[in-house]
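Asks: Can you look at this prediction? I've put the sequence above it.
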Amino acid sequence: MNSDAGYLEWRSVCPIASGLDVLGDKWSLVIVRDLFEHGTRTYSEFGESPEGISTNILAARLKWLSSIGIIEHVEPDRASRNNAYQLTSSGLALRPVLKEMHPEIVNIL
């Protein structure tokens, strides 16, 4: 799948393949998990996750998830120089899907 100037070209019309394109890597799931768990998060707070995401991967995943409407940039709730992010309504709609994938995740989501 390619993201160029607001146009997304999916590798397949299959909804399962497209879903894997969106959340098929662990870093996207960690970002979504952190937003479910903490609400709004800044760039620095994502970097503090125990999984140790590198800054270049984090920046790329935040850009990708924003471009497909899963997360959005918001003004931080507190004084900060960082960009902050939150789940969109589409991102929030992932909650039941993620719970079905792993029932023990209920405590986080």
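Replies: Cool, got the structure.
Asks: low pLDDT regions in the protein?
Replies: Scanning the chain for pLDDT under 70 picks out 1-8, 76-82, 102-109.
Asks: Tell me where it has helices.
Replies: 15-23, 26-38, 43-47, 55-67, 89-92, 95-101 (DSSP state H).
Asks: Pull the distance from the shortest one to the chain's centre.
Replies: Okay, so that is helix 89-92. On the basis of CA atoms, centre = their mean, to the nearest Å, helix 89-92 sits 10 Å off its chain's mean C-alpha point.
Asks: Buried residues of that helix, list them for me.
Replies: Buried positions in helix 89-92, judged by neighbour count with 16 or more other CB atoms under 10 Å: Gly91. For every residue, glycine as well, the C-beta is placed using N, CA and C.
Asks: now do the first one
Replies: Within helix 15-23, the residues that qualify as buried by neighbour count (16+ other CB under 10 Å) are Ser18, Asp21, Val22, Leu23.
Asks: Chain neighbours aside, what residue packs nearest to Arg41?
Replies: Spatially, and ignoring its direct neighbours in sequence, Arg41 is nearest to Asp34 (5.4 Å; CB to CB, 6 or more residues apart in numbering).
Asks: follow-up on the earlier one: Serialize the buried residues of helix 15-23 to CSV and add fields for distance to Glu9.
Replies: Converted to CSV, the buried residues of helix 15-23 look like this (distance: CB to CB, whole Å):
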residue, distance to Glu9
Ser18, 11
Asp21, 10
Val22, 14
Leu23, 18
